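Undergrad: requesting a structural model of the entry that follows:
(one chain, ligands or ions: 1)
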Amino acid sequence: MAARRCASLPWCCCLAWCSPPARRSSSPRPSCCSWANTGCAAGALVRTRTRAKERLGRLASPAFFFSSLMKHEQTMRSLDDLEQAGLIPPPSPEQRAAADAFGVLLPPALARLIDPSDPSDPIAAQVIPSAHERTVTPDEISDPIGDAAHSPLPGLVHRYPDRVLLKLTGLCAVNCRFCFRRDLLTQDVLRDADLEAALAYIGAHPEVWEVILSGGDPLILSDARLNRVVRRLEAIETVSVIRVHTRLPVANPERVTPALVGALKSPKAVYVMLHCNHPRELTPEARAACARLIDAGLPVLSQSVLLRGVNDRPEVLEALMRAFVATRITPHYLHHGDMARGTSHFRVPLETAQALLRGLRGRLSGLGQPTYILDLPEGHGKVPVGPVFATRDGAGWRVEDPQGEVHAYGNAGSRAIG
Ligand SMILES: *Cc1c(COP(=O)(O)O)cnc(C)c1O
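TA: Reported below is the predicted structural model:
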């Protein structure tokens with residue numbers, strides 16, 4: 001029986017999500033879901049994802065995870081996996097240390113995009129541990145955007161009055177090396193009691209107009225679990241908007257099934273924010289996944305991180321934005337790299353970023369212009385820090401046009417009429 005449950009994964013998972021409080025560490029787990037059971041993909045995933053053994057005690061059954069990841073036996077979870085797949089040469093000790101600090105997690109849809117013969121492959125740069133991660137600069141911290149300072153309850157971050165982040169899981173389908181929460185993901189799946197407390201908090205705070213499902217990646221959860229969360233949020237009268245932050249349509253496009261879309265769809269507005277950094281990530285399969293969401297009435301917007309060696313060349317950034325627009329994805333945010341530990345090799349100087357965006361304005365449709373965002377440390381919030389085209393000049397303005405030519409505007413002052 002136990003073995004059969006692991007063999008029929010969707011059933012196993014839905015069951016776990018639908019049934020009351022999943023097994024805690026204090027109660028015995030069925031052998032199919034034992035952390036030690038190497039046949040259980042979720043167990044293997046969790047083993048790589050959680051460094052400290054004591055964390056396991058805080059988790060419910062790994063059968064939580066659900067469909068997609070568990071089906072993905074080919075997901076790579078170690079440097080050895082990467083080497084065996086021919087994606088990397090034998091790893092250096094420094095690379096091993098980087099992978100020990102933050103595990104490898106690479107699903108097949110992204111692994112396929114890597115050209116192992118290209119030492120500066122932009123997909124590999126995002127997902128393969130690098131010796132550079134061993135360099136931690138003095139301003140880098142574990143909680144770079146100050147989640148902790150604004151977290152009233154486990155899984156909940158309430159930094160802005162009108163919206164909260166609800167972190168349903170610390171797991172993602174892919175471990176991006178520049179992840180700003182790479183040191184923060186201490187709870188792998190939000191426990192039922194914590195979820196209930198978060199929902200009660202949201203209900204008790206009528207100023208919360210929008211709930212952002214984040215993580216980790218909320219879409220790695222089962223359809224049943226997501227359906228339950230969306231139905232519960234939709235029932236809170238004061239919540240008008242539900243937003244989902246995800247990389248799944250790129251990391252695992254086939255996860256975006258009609259059933260998943262059905263779970264997310266709501267009479268209330270549901271927006272999907274896609275994390276995608278390079279045009280090559282928008283494969284036909286990823287585009288089709290986004291189309292399934294958009295066709296069902298869920299607008300998809302982009303979130304990208306400006307990353308050195310990945311998308312910091314004008315032509316790449318432009319191609320990325322054009323790919324979004326041509327896929328009906330609205331370019332939304334382009335993030336300045338957060339001060340996560342060991343990520344300085346990815347960060348692009350602010351003035352370089354501004355120059356890139358300035359150039360984009362001159363060459364690309366208005367539909368393709370993202371807002372460049374800096375999320376200030378210590379939880380002070382997101383600030384647009386893109387190029388500035390207008391500066392004060394006496395009584396008027398000095399305005400730069402998209403070609404870089406400067407014009408005086410409004411310097412004539414005011415005149416009496418008539
Ligand atoms: C990023 C973030 C949001 C969302 O901010 P937007 O500018 O609306 O995208 C909300 N809450 C927290 C805590 C965040 O970090």
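Undergrad: beta partners for the residue of the stretch 301-418 of the chain found nearest the ligand?
TA: Residue nearest to the ligand within the stretch 301-418 of the chain: residue 382 (4.6 Å; CB to the nearest ligand atom). (Each C-beta comes from the backbone N, C-alpha and C, glycine too.) For residue 382, the beta-bridge partners under DSSP bridges are residue 375.
Undergrad: burial of it, as a residue count?
TA: The tally of other residues near residue 382 (other CB atoms under 10 Å) stands at 16.
Undergrad: tell me who's in contact with it.
TA: Contacts for residue 382 were tallied using CB atoms under 8 Å, 6 or more residues apart in numbering; they are 373, 374, 375, 376.
Undergrad: the same query, at a cut-off of 10 Å, please.
TA: Residue 382 makes contact with 145, 159, 160, 333, 335, 336, 371, 373, 374, 375, 376, according to CB atoms under 10 Å, 6 or more residues apart in numbering.
Undergrad: counting neighbours, what do you get for the fourth one?
TA: Yep, that's residue 333 we're talking about. Using other CB under 10 Å, residue 333 has 18 other residues around it.
Undergrad: just the strands in the stretch 201-350 of the chain please.
TA: Assigned by DSSP state E, counting those that start in this stretch, the strands in the stretch 201-350 of the chain fall at 210-214, 241-246, 269-275, 300-305, 330-335.
Undergrad: make TSV from the ones you listed and add distance to the ligand and mean pLDDT to it.
TA: Shown next, in TSV, are those (distance: least, CB to the nearest ligand atom, whole Å; pLDDT from 0 to 100):
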stretch	distance to the ligand	mean pLDDT
strand 210-214	6	98
strand 241-246	8	98
strand 269-275	8	98
strand 300-305	8	98
strand 330-335	7	98
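Undergrad: right, and those - which one's nearest residue 229?
TA: Evaluated with CB to CB, the strands of the stretch 201-350 of the chain place strand 210-214 nearest to residue 229, the distance being 7.0 Å.
Undergrad: other SSEs contacting the closest one?
TA: strand 156-160, strand 163-167, helix 192-204, helix 223-234, strand 241-246, strand 269-275 (3 or more CB pairs under 10 Å, 6 or more residues apart in numbering; DSSP states H and E).
Undergrad: low-confidence ranges, this structure, go.
TA: Across the chain, the ranges flagged by pLDDT under 70 are 1-73, 185-187, 413-418.
Undergrad: and it, what are its domains?
TA: Per the record, the chain has its domains at 2-70, 79-134, 148-384, 388-418, by automatic domain parsing.
Undergrad: returning to that earlier point: in JSON lines: the strands of the stretch 201-350 of the chain, plus distance to residue 201.
TA: Below are the strands of the stretch 201-350 of the chain laid out as JSON lines (distance: least, CB to CB, whole Å):
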{"stretch": "strand 210-214", "distance to residue 201": "11"}
{"stretch": "strand 241-246", "distance to residue 201": "16"}
{"stretch": "strand 269-275", "distance to residue 201": "21"}
{"stretch": "strand 300-305", "distance to residue 201": "25"}
{"stretch": "strand 330-335", "distance to residue 201": "26"}
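Undergrad: contact partners for residue 172?
TA: Applying CB under 10 Å, 6+ apart to residue 172 gives the contacts 49, 69, 105, 107, 179, 181, 185, 215-220, 246-248, 251, 275.
Undergrad: rerun that using 7 Å as the cut-off
TA: Shown in contact with residue 172 (CB atoms under 7 Å, 6 or more residues apart in numbering): 105, 215, 216, 217, 220, 247.
Undergrad: state the phi and psi torsions of the last one.
TA: Summarising the backbone geometry of residue 247 under the convention degrees, to the nearest 10, its torsions are phi -120, psi 0.
Undergrad: verify the stated contact: it with residue 273.
TA: No - here residue 247 does not reach residue 273: they are 9.8 Å apart, not a contact under CB atoms under 7 Å.
Undergrad: just confirm residue 364 contacts residue 319, I think it does.
TA: No - Residue 364 is beyond contact range of residue 319, at 10.0 Å (criterion: CB under 7 Å).
Undergrad: and the gap between residue 321 and residue 334?
TA: Distance, residue 321 to residue 334, using CB to CB, to the nearest Å: 9 Å.
Undergrad: which residues do those two both contact?
TA: Both residue 321 and residue 334 are in contact with residue 370, where contact means CB under 7 Å, 6+ apart.
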